Structures are given as C-alpha cells and as structure tokens.
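**Q** need a structure here:
(one chain, ligands or ions: 1)
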Amino acid sequence: MATDRSDISSIPVPAEALPAGAPVPAEASLPVMEQFYTLQGEGFHQGKAAWFIRLGGCDVGCVWCDVKDSWDAARHPRYSISELVRSAAAHPGRLAVITGGEPLMHDCTTLTRDLRLAGFATHIETSGAWPLSGEWDWICLSPKKFKAPLPGIAALASELKVVVYNSSDFGWAEKWAAQTNPACHLFLQPEWSRSATVTPLIIDYINAHPQWRFSLQLHKYIHVP
Ligand code: SF4
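**A** Here you go, the predicted structure:
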C-alpha cells in the first residue's frame, strides 16, 4: 500500500540481494523496493518505531498512487527471507510493517512466520485485492475503488483506513466499514495532494460520524521515511 513516502529518501536495502535469476523457491525470497526503520506515520499505531518492508508489485492502479515505481515487481531485487529478517532485527524495534505495492500479491507466510520467530509483531497494509496469506498481528485494510477488496478480508481487519480524495469516498468508506468486525478501528486519511481541500470535509464528517478517526500522515510533517 502506498504510504505517501515518495518525497523522502529511503534507506537503501542491504547489498546481499540474491543474484538475478537465482533458482530459489518463490516463498524463499521476495522483491523489495525499499526497507527502512522509522516511525509508523499513519493510523492506530502512529508514532511507534517500526521496520518497514515495501514489497514490489501492485496491480490496483490508483490514479493518485505516489509509489508507482513499486508496481512492477520485476524492477526490484529479490531478497531472501532470512536476509530480510536479519536486516529487520538489526534495529531495536520489534514492529514490522509489510507494505507495498500490494504485499498480498506475494505469499507472505514464510516472511511473517520468521519475523514472528524473531520476536516481531507483524503488521500489513493492504488493499485486500489479493488473497490473504501470512501470520498477522495487525491487518490494516485500505480498500481502493480501482480494484476492490476480495470478500471476507474486511471482517478480519484490525484497522480500516480509507484514503479520501473527494467527498464520494465517504460512501466508499461506509460500505467497507459495514463489513468490518466491531473491534475494527476506523480511520479517514486525506490523500496527500488533496489534503487542503478534503481535510475540512473529513473533520466535518468525523464530527457527524464519531466512530471514525482522523489519520494524519505524521511522517510527512516530521520528515521521516
Ligand atoms: Fe499505489 Fe494503490 Fe497500489 Fe497502493 S494500492 S501501491 S496506492 S496503486
């Protein structure tokens, strides 16, 4: 999922990428656009130290996507699961956020299992447009109109985060909120380029519908990845 981090430089991935074309099982490596240690900027866990792994590959096609470089998985080097976990564990935080692209285009079973074995809580940010795989401690579902989530994932979401581009997105948000479980946390987040326009609309909407909360992209204001 795009987290609007294209305006910052990311920490380059380590140099131990697998050789191109290396004959490894699909689950043993994943294409990685970037990985970095930062503060979670959005949603329920905002402000917590977290290791982000941005997987390559997305076919959702959001017109306002700001990580379009992530779309083609083949453009990004594959890293072994063991290397990904080792890089994550080099930092003191034990919260791992798997994002993209659309991370569920890949089988996340091995990555999440091994991160958990290393002591991490595993969080995902997904559009829900691909089947769920992996062992997750937190599922942030961000449904996109351009390719809707698959049935069933909304009920599993810990957090529903809807990006608001215009006022029609409130109806979209309510459609998916109705499919979540009662414990799911509901967030509305302005699309970054439209923030000045839609922020007042979101404030008014939340005042009238207080089950929702405002998600501010904190990392953009404090200038961290
Ligand atoms: Fe971009 Fe949309 Fe794909 Fe996220 S889901 S990476 S915003 S196209």
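**Q** how far does the helix ranked longest in the chain sit from its chain's centre?
**A** In the chain, taking DSSP state H as the definition, the longest helix is helix 195-208. With C-alpha atoms, centre = their mean, to the nearest Å as the basis, helix 195-208 stands 23 Å off its chain's centre.
**Q** what does stretch 186-198 give?
**A** With C-alpha atoms, centre = their mean as the basis, stretch 186-198 stands 16 Å off its chain's centre.
**Q** next, the contact list for the residue sitting nearest the centre point of the chain, please.
**A** Nearest residue to the geometric centre of the chain (C-alpha atoms, centre = their mean): Glu125, 2.7 Å. Taking C-beta atoms under 8 Å, 6 or more residues apart in numbering, we find Glu125 in contact with Met1, Thr3, Val97, Ile98, Thr99, Gly100, Pro103, Cys140, Ser142, Lys161. From N, CA and C alone the C-beta is placed, and that goes for glycine too.
**Q** redo that, cut-off 10 Å
**A** By C-beta atoms under 10 Å, 6 or more residues apart in numbering, the contact list for Glu125 reads 1-3, 40, 42-43, 52, 54, 97-103, 138-142, 159, 161.
**Q** repeat for His76
**A** 13, 17, 30-34, 54-57, 69-70, 101.
**Q** which residues touch the nearest residue to it once chain neighbours are set aside?
**A** Once flanking residues are discounted, His76 sits nearest to Gly56: 3.4 Å by C-beta to C-beta, 6 or more residues apart in numbering. Gly56 is in contact with 30-34, 67, 69-78, 100-103, 105-106, counting by C-beta under 10 Å, 6+ apart.
**Q** quick one: Gly56 from the ligand, how far?
**A** 10 Å (C-beta to the nearest ligand atom, to the nearest Å).
**Q** list the contacts of whichever helix or strand comes after the longest helix of the chain.
**A** Note on helix 195-208: by DSSP states H and E, the next helix or strand toward the C-terminus is strand 212-214. Identification of contacts with strand 212-214 by C-beta under 10 Å, 6+ apart yields 43-44, 159-162, 170, 173-174, 177, 185-190, 199, 202-203, 205-206.
**Q** from those, which land in strands?
**A** Secondary structure from DSSP state E places Glu159, Leu160, Lys161, Val162, His185, Leu186, Phe187, Leu188, Gln189, Pro190 of the contacts of strand 212-214 in strands.
**Q** of those, keep whichever come out buried.
**A** Glu159, Leu160, Lys161, Val162, His185, Leu186, Phe187, Leu188, Gln189, Pro190 (16 or more other C-beta atoms under 10 Å).
**Q** I'd say the first one and Leu188 touch.
**A** In other words, Glu159. No - counting by C-beta atoms under 10 Å, Glu159 stays clear of Leu188, with 11.9 Å between them.
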